[in-house]
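J.: Attaching a predicted model along with its sequence, questions to come.
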Amino acid sequence: MYAKICLIFLFLSRGGAELLFKGVKEHHVTLPTQSEPWDVKQLLVWIQRNLLKERPELFVQGDSVRPGILVLINDADWELMGELDYQLQDQDNIVFISTLHGG
Amino acid sequence: MAEEECSLKVLLEEKDREIAALKCKLAQLEKSHAPALELHGKVTPLTPLRAKPALSNEDIMRYSRQLLLPELGVKGQLNLSKTSVLVVGCGGLGCPLAQYLAAAGIGRLGLLDYDEVELSNLHRQVLHGEENQGHAKALSAASAVRRLNSTVECIPYHLQLSPENALQLIQQYDIVADCSDNVPTRYLVNDACVLSGKPLVSASALRMEGQLTVYNYRGGPCYRCLYPLPPPPETVTNCSDGGVLGVVPGIMGCLQALEVLKIASGQGSSCGQQLVMFDGLGAKFRSIRLRPKQADCAVCGENPSVTRLVDYETFCGSAATDKCRKLNLLSRDQRITVKDYKSILDNSDPHLLLDVRPLVEVDICHLPFSLNIPLSNLEERKSEQIQLLQEKISQLKQQTAGDCRPPVFVICKLGNDSQKAVQVLEKMSGSEVDSITVKDISGGLMAWAQTVDPTFPQY
Ligand SMILES: [Zn+2]
């Protein structure tokens, strides 16, 4: 039922987080089949296990993203979509933005 | 009789013209005697900005091209002239912002900056000139703005915005523009705007990217609604570390000016619950729908815990400046001064000098005999680079007749990354590479340029 989910996730803003993923900004991933639907909380765990090798504290804190990273789901603030509980759909577009502070 | 009448009329007309010319001359003289710009070192009460009853002929001519826009019109122009805007930071964002606000005929501009103009500012802070180096940025910006439009009232503030002065200052303005360059100031400006009910037009820029949002506007979210907690200080990159292409804050400052003008004229901004992101590399804009005002926000929520300004440097764990922090990771015997290193060179003592800056910085300048391995490559244990390092250590060992721990000195720009590299190398010593004695050159290449070799470039 909850078969493959293809996702694109991007790191906009070179705030440093993309450096954790070997400088690759855009990732096309296919999540494995599981009995439950995938949610964002599980996606963060999956990213940590599969893509993030070092210094996870620069990306996650607890079970969420660290302060200073804004998550977008299909071009909307994830707060509007249910944050960690949002259930991922096939072809979703997830974007992680680091806040900029310079001027 | 008719002839006499006629000549008198001619004479009168002549005198009228003379009077008009004299009046014009006087007006110009009076204008050039406008009070000198006074640099404010503290916040003082301002007289209320008086609304113009109508546009003068000069106003009509000056603003004619924007008066023609139905979106602005005479009413919008008059609204601009009775609006005051506080610009927090006269840098890469603040310069173009102040320039366009003044050109458009904003009534009053508060220009705040604690810093002085430096040569490395000029590529993006376009109101300042070479002759302004060492002068207060606020004053330099104010005089440039006045040259452009002398009818705009400019108030330069040479001071650091602080929890003590921010409310008193911000209360006196209608709109606030955050053009600052650090995290604590962004929280401070936000809280002061929420507490005094002012819209906050906020932009930021780094490298090739920019972001813009209007906070605390028409029931929309504030900065804290979006970012309840500050980012860990080690994840924040500033312009003096990360670099910025000058035109990128230029674009973002212009966008900020646009939103301020829309709010001030009465047109209204559409960025109150929207994040505009600019990607300079792809020449792309993206607009993101943001969350609404959050009921549990610490400052604008239903039960706010922040009801007065707090200590923002403590809250953020970093200083309210974009100048580099100095790390202290090593003990004294793990570091040498640039002068110590100079005498090692003078004595031709065999050693290895390792420069751990990124390649882009090594291209700007480097010491000719240094080996470059960027810190990130050391941390990731890039195998080719580690192999290269091992080769150099072996060569050094031969030179030092089998010294069992030959000396390796580590250098970077300011002496922060080099300390981290010393810690990494100490872990590797004796296992991943042969045993070495690693020391940091305190203060890095910039200290070298300042105290040993004045011909070495600083950046
Ligand atoms: Zn809020």
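T.: Arrived safely, thanks for sending.
J.: Name the spans of chain A whose pLDDT lies under the cut-off.
T.: Filtered on pLDDT under 70, chain A yields the residue ranges A:1-6, A:9-24, A:53-54.
J.: residue in it nearest to the ion?
T.: Checking chain A residue by residue against the ion with CB to the ion singles out A:Glu79 as nearest, at 12.3 Å. Where you see a C-beta, it was placed from the backbone N, CA and C, and this is true even at glycine.
J.: From A:Leu70, how far off is that residue?
T.: According to CB to CB, to the nearest Å, A:Glu79 and A:Leu70 sit 9 Å apart.
J.: Look at the two and report which has more neighbours.
T.: Applying other CB atoms under 10 Å in any protein chain shown to A:Glu79 and A:Leu70 shows that A:Leu70 carries more neighbours, namely 23 against 17.
J.: Just list whatever residues bridge to that one.
T.: Here A:Leu70 sits in beta bridges with A:Ile97, as judged by DSSP bridges.
J.: Pull the contacting residues for the closest residue to B:Gly73 other than its chain neighbours.
T.: Leaving aside its chain neighbours, B:Gly73 sits nearest to B:Leu67 (6.5 Å; criterion: CB to CB, 6 or more residues apart in numbering or on different chains). Residues in contact with B:Leu67 (CB atoms under 8 Å, 6 or more residues apart in numbering or on different chains) are B:55, B:60, B:73-74, B:77.
J.: By neighbours, which of those wins?
T.: Highest neighbour count within the contacts of B:Leu67: B:Gln77, with 21 neighbours (other CB under 10 Å).
J.: can you pull the contacts of that residue?
T.: With contact set as CB under 8 Å, 6+ apart, B:Gln77 has these partners: B:55, B:59, B:63, B:66-67, B:105, B:265.
J.: Taking the residues you listed together, which two end up most distant?
T.: Largest separation among the contacts of B:Gln77 by CB to CB: B:Asp59 and B:Ser265, giving 14.4 Å.
J.: Please identify which of the two sits among more neighbours.
T.: Between B:Asp59 and B:Ser265, counted using other CB under 10 Å, B:Ser265 has the larger neighbour count: 22 against 18.
J.: so B:Lys326 makes contact with B:Gly444?
T.: No - when contacts are counted by CB atoms under 8 Å, B:Lys326 is not listed as touching B:Gly444 (10.6 Å).
J.: So between these two, which is more surrounded?
T.: Applying other CB under 10 Å to B:Lys326 and B:Gly444 shows that B:Gly444 carries more neighbours, namely 23 against 11.
J.: and that one, what does it touch?
T.: If a contact means CB under 8 Å, 6+ apart, then B:Gly444 has B:411-416, B:418 as its contacts.
J.: now do B:Gly94
T.: Contacts for B:Gly94 (CB under 8 Å, 6+ apart) come out as A:103, B:87-88, B:111, B:113, B:125, B:141, B:177, B:179, B:253.
J.: and with 6 Å instead?
T.: Contact partners of B:Gly94, counting by CB atoms under 6 Å, 6 or more residues apart in numbering or on different chains, are B:87, B:179.
J.: Please apply the same query to the one 5 residues further on.
T.: Residues near B:Gln99 by CB under 6 Å, 6+ apart: none.
J.: what's the nearest residue to residue 85 if we skip its chain neighbours?
T.: By default, I'm working from chain A. By the measure of CB to CB, 6+ apart, the closest residue to A:Asp85 outside its immediate chain neighbours is A:Asp39, 5.6 Å from it.
J.: Please refer instead to chain B.
T.: In this structure, B:Val85 finds its nearest non-sequential neighbour in B:Ile175, 4.8 Å apart by CB to CB, 6+ apart.
J.: what's around A:Asp39, how many residues?
T.: For A:Asp39, the number of neighbouring residues by other CB under 10 Å comes to 15.
J.: one step back: surely the residue nearest to A:Asp85 is in contact with A:Gln89?
T.: No - checked against CB atoms under 6 Å, the pair A:Asp39 and A:Gln89 is beyond contact range at 11.0 Å.
J.: Show me chain B divided up by domain.
T.: As assigned by automatic domain parsing, chain B contains the domains B:31-316, B:332-451.
J.: Just say which of these is most tucked in.
T.: Ranked by average neighbour count under the criterion mean count of other CB atoms under 10 Å in any protein chain shown, the domains of chain B are headed by domain B:31-316 at a mean of 19.
J.: how far away is B:Arg50 from the ion?
T.: 34 Å (CB to the ion, to the nearest Å).
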